[in-house]
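> here is my input, please return the structure:
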Amino acid sequence: MSAPLLEAVGLTKSFGEGEARVDVLHDVTLRIERSELIALVGASGSGKSTLLNLLGLLDRPSAGTLRLDGRDTEQLDEEARTELRSERLGFVFQAHHLVPALTVVENVMMPAAVRAGGFDEAARARALALLASVGLEGQGDRWPRQLSGGMAQRVAVARALMNAPPLVLADEPTGNLDTQSSDQVFALLLREQAERSTALVVVTHDPTLASRCARVVRLVDGRIVADGPPDQVLLDTRARRV
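Sure thing, here's the model as predicted:
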């Protein structure tokens, strides 16, 4: 069996100390294969976003190990973690976090600019191609304030793909959108994941969206309680509510 793209073993995350300590994640073990499509579901406060932050190297676990492309990330200093994150990971958040002082195409170019130390024409050409792929051809010179919420989130998807990462992590990427825009952005994520053979882990509270993923992982109180096909995991969730 080939090595997984990402492997988390025994991840635990706590905040605070002594009586003020709060354990958010408990002994989470998760394996993500290349090109895999996963929905991470659970009630508010179940630890979904905390887990995604650990998987994305945005935070360190209190215990456990995390390997990305075979590299033990806990053995890396912050500079090496930042470099690995830039090269191997893409992020889409609930709020698009576009930089208002940059044009649309410059926002898409940001991951490449951070890695290369500035903007260049090759990155601009790739960014414009990505904008076209998400249905925003000809919009590169506009400003974020001129975009609808759905358009801004499509720009965020293009930005996440700028460095061609093997893994994209999306935290409630449709949470601030109306139903139509939500469907469009989620369909776009699924299309881009399939066409580019990118692994995608998406946090969502919407079982309809989760059902469109190949695998669903459910968290309860910081623990993985189910991991499998959507019909199995989501059916079990509904049965528990009856």
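> what about the residue nearest to residue 234 when sequence neighbours are not counted, how many residues nearby?
In space, and not counting its chain neighbours, residue 234 is closest to residue 207: 5.2 Å by CB to CB, 6 or more residues apart in numbering. To be clear about C-beta, it is placed using only N, CA and C from the backbone, and glycine gets the same treatment. Counted by other CB atoms under 10 Å, the residues lying close to residue 207 total 16.
> state the phi and psi torsions of the residue lying closest to residue 31 once chain neighbours are set aside.
Excluding the flanking residues, the one nearest residue 31 by CB to CB, 6+ apart is residue 4, at 4.7 Å. Main-chain dihedrals, residue 4, degrees, to the nearest 10: phi -70, psi 160.
> check contacts around residue 216.
Counting by CB atoms under 8 Å, 6 or more residues apart in numbering, residue 216 touches 38-41, 210, 226-230, 233-234.
> meant to ask about residue 190
37, 200, 212.
> turn these into JSON lines, including pLDDT.
Output for the contacts of residue 190, formatted as JSON lines (pLDDT from 0 to 100):
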{"residue": "37", "pLDDT": "95"}
{"residue": "200", "pLDDT": "96"}
{"residue": "212", "pLDDT": "92"}
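> in helices, which of those fall?
Of the contacts of residue 190, none are assigned to helices by DSSP state H.
> and stretch 58-71, what's buried?
Neighbour counts over stretch 58-71 (16 or more other CB atoms under 10 Å) mark 61, 64, 66-69 as buried.
> my guess is residue 32 contacts residue 51. True?
No. In this structure residue 32 lies outside contact range of residue 51 using CB atoms under 8 Å: 11.6 Å.
> of these two, who's got more company?
Under the neighbour definition other CB under 10 Å, residue 32 and residue 51 were set side by side, and residue 51 has more, 28 against 22.
> phi, psi for the more buried one please.
Main-chain dihedrals, residue 51, degrees, to the nearest 10: phi -60, psi -40.
> contacts only, for it.
Contacts of residue 51 (CB under 8 Å, 6+ apart): 11, 13, 25, 28, 30, 40, 219.
> my guess is the fifth one is in a strand, correct?
Spelled out, it's residue 30. Yes. Counting by DSSP: H, G, I helix; E, B strand; the rest coil, residue 30 is found in a strand.
> ramachandran angles for the residue nearest to residue 234?
The phi/psi pair for residue 207 (degrees, to the nearest 10) is phi -60, psi -30.
> isn't it up against residue 235?
No. Residue 207 is beyond contact range of residue 235, at 9.9 Å (criterion: CB under 8 Å).
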